[in-house]
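[1] have a look at this prediction, sequence included:
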Amino acid sequence: ISYNDSVTWYNLFEFQNNGNFIMASGSLAINLPDAPTELIDVDGSARFRQVNSGAFANDLAITADGTLTTNTSDRRLKENITLISNSLTKVLNLNGYVFNWKTGDSVKKDAGLVAQEVKEVFPEAVFQNKSDGYYGINYSRFPALFVEAMKEQQKLIEKQQEQINDLIKANDQLTELIKAISNKK
């Protein structure tokens, strides 16, 4: 175990000298070969036995390198911003399923999408877990897709409403013409 002597909270932990923990510059590394880059830096899975409910101000996310952070959407952190194209087609090509997981409680039904199918349609929402190779879905990406799909759909609805209005107007004109012809007889 190595740690910075200026760290005052290290006495709160009981460490075994097996090389799995490193404390440096006030940070804790678990199962890392080198110094931590975050306050707590873990290589491997972590398990929370219980997470209590409560009010929250931010959603949590995991970055590509595994750092736990809040979901951020600030324009200042983005570049190459473009609207999602063909969003309605993408939504229409997705399939929602009800299923049972092969592990755990196989009796309880769950609902969701299949990552491999989503990857073909909306790859921005799919990731592959580095540790086991399984695919996962960032469901938080879907509101952006749905907003654009709804806008596309609304344009179609408005165009159809214009066509309906034109047909009603043409029908009314034909009805008046038929009445006028019938009255001349």
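    Ah, there it is.
[2] how about the helices in the protein?
    Under the criterion DSSP state H, the chain contains helices at 87-92, 115-121, 142-184.
[3] quick check: which ranges of this structure have low pLDDT?
    1-24, 47-59, 104-105 (pLDDT under 70).
[4] find the residue at the geometric middle of it.
    Ser140 (2.3 Å; Cα atoms, centre = their mean).
[5] may I see the helices of the chain arranged in TSV, with distance to Val98 and mean neighbour count as well?
    C-betas here are computed from N, CA, C, even on glycine. Output for the helices of the chain, formatted as TSV (distance: least, Cβ to Cβ, whole Å; neighbours: other Cβ atoms under 10 Å):
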stretch	distance to Val98	mean neighbour count
helix 87-92	19	16
helix 115-121	15	16
helix 142-184	18	11
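[6] the ones you listed: which one's closest to Lys78?
    Between Lys78 and those, the shortest gap by Cβ to Cβ is with helix 142-184, which sits at 12.0 Å.
[7] of the helices of the chain, which is nearest Pro33?
    Pro33 sits nearest to helix 115-121 of all the helices of the chain, at 30.6 Å, using Cβ to Cβ.
[8] just the CA coordinates of that closest one, formatted as PDB?
    Taking C-alpha atoms only, helix 115-121 is exported to PDB below (Å, rounded to 0.1, in the frame of the first residue of the first chain):
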ATOM      1  CA  ALA A 115     -28.800  -3.800 -28.600                       C
ATOM      2  CA  GLN A 116     -27.700  -5.500 -31.800                       C
ATOM      3  CA  GLU A 117     -30.800  -4.300 -33.600                       C
ATOM      4  CA  VAL A 118     -30.500  -0.800 -32.200                       C
ATOM      5  CA  LYS A 119     -26.800  -0.700 -33.400                       C
ATOM      6  CA  GLU A 120     -28.000  -1.200 -37.000                       C
ATOM      7  CA  VAL A 121     -30.500   1.700 -36.700                       C
END
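[9] and the contacts of that helix?
    Lys90, Asn93, Leu94, Asn95, Ala125, Val126, Tyr135, Gly136, Ile137 (Cβ atoms under 8 Å, 6 or more residues apart in numbering).
[10] let's see the ChimeraX selection covering just the buried ones among these.
    With 16 or more other Cβ atoms under 10 Å as the burial test, the buried ones among those are selected in ChimeraX as follows:
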select :90,94,125,126,137
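[11] narrow the contacts of helix 115-121 to those in strands?
    Secondary structure from DSSP state E places Val126, Tyr135, Gly136, Ile137 of the contacts of helix 115-121 in strands.
[12] any chance of the residues you listed in a markdown table, with distance to Glu162 too?
    Below are those laid out as a markdown table (distance: Cβ to Cβ, whole Å):
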| residue | distance to Glu162 |
| --- | --- |
| Val126 | 38 |
| Tyr135 | 43 |
| Gly136 | 43 |
| Ile137 | 37 |
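[13] thanks a lot, see you next time.
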